[in-house]
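Student: return a 3D structure for these sequence lines:
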Amino acid sequence: MKFRGTIDVSVTWDEVADVQRARREIVVSLRDSRRLLRFSCHTDSEAVRGVLIAEHLAQSAQRATAESDSTSFHHAAL
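Tutor: The predicted structure follows:
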């Protein structure tokens, strides 16, 4: 996830702990951090859609990381 603004932010999806919606904002919390990223949307429906997409991407990244970790473990065990 990249945001370009006053401060540029770049976060990988597997760093995302949780995604929530607060009215027209998407609120992203990061793993091992108290930091929150807030993204404002024009409408409630944009925020709903954004949260669904962000949740999917974060879950997919976490599954891929878990699979990668288990694969490396099996290789190391051989």
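
Student: what sits against Ala58?
Tutor: Counting by CB atoms under 8 Å, 6 or more residues apart in numbering, Ala58 makes contact with 13-14, 16, 19. For glycine as for every other residue, the C-beta is placed from the backbone atoms N, C-alpha and C.

Student: what's the helix or strand for it?
Tutor: Assigned by DSSP states H and E, Ala58 belongs to helix 44-77.

Student: please identify the buried residues of that helix?
Tutor: For helix 44-77, the neighbour count (16 or more other CB atoms under 10 Å) marks 47, 50-51, 54, 58, 61-62 as buried.

Student: average model confidence for that helix?
Tutor: In this model, helix 44-77 has a mean pLDDT of 81.

Student: give me the distance between that helix and the centre of its chain.
Tutor: 8 Å (CA atoms, centre = their mean, to the nearest Å).

Student: I'd like the buried residues of helix 44-77 as JSON lines, with distance to Ile26 appended.
Tutor: Listed next are the buried residues of helix 44-77 as JSON lines, based on distance: CB to CB, whole Å:
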{"residue": "Ala47", "distance to Ile26": "6"}
{"residue": "Gly50", "distance to Ile26": "5"}
{"residue": "Val51", "distance to Ile26": "6"}
{"residue": "Ala54", "distance to Ile26": "6"}
{"residue": "Ala58", "distance to Ile26": "12"}
{"residue": "Ala61", "distance to Ile26": "16"}
{"residue": "Gln62", "distance to Ile26": "18"}
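
Student: of these, closest to Thr6?
Tutor: Gly50 (20.2 Å; CB to CB).

Student: contact partners for that closest one?
Tutor: Contacts of Gly50 by CB under 8 Å, 6+ apart are 21, 26, 39, 41.

Student: good, wrapping up.
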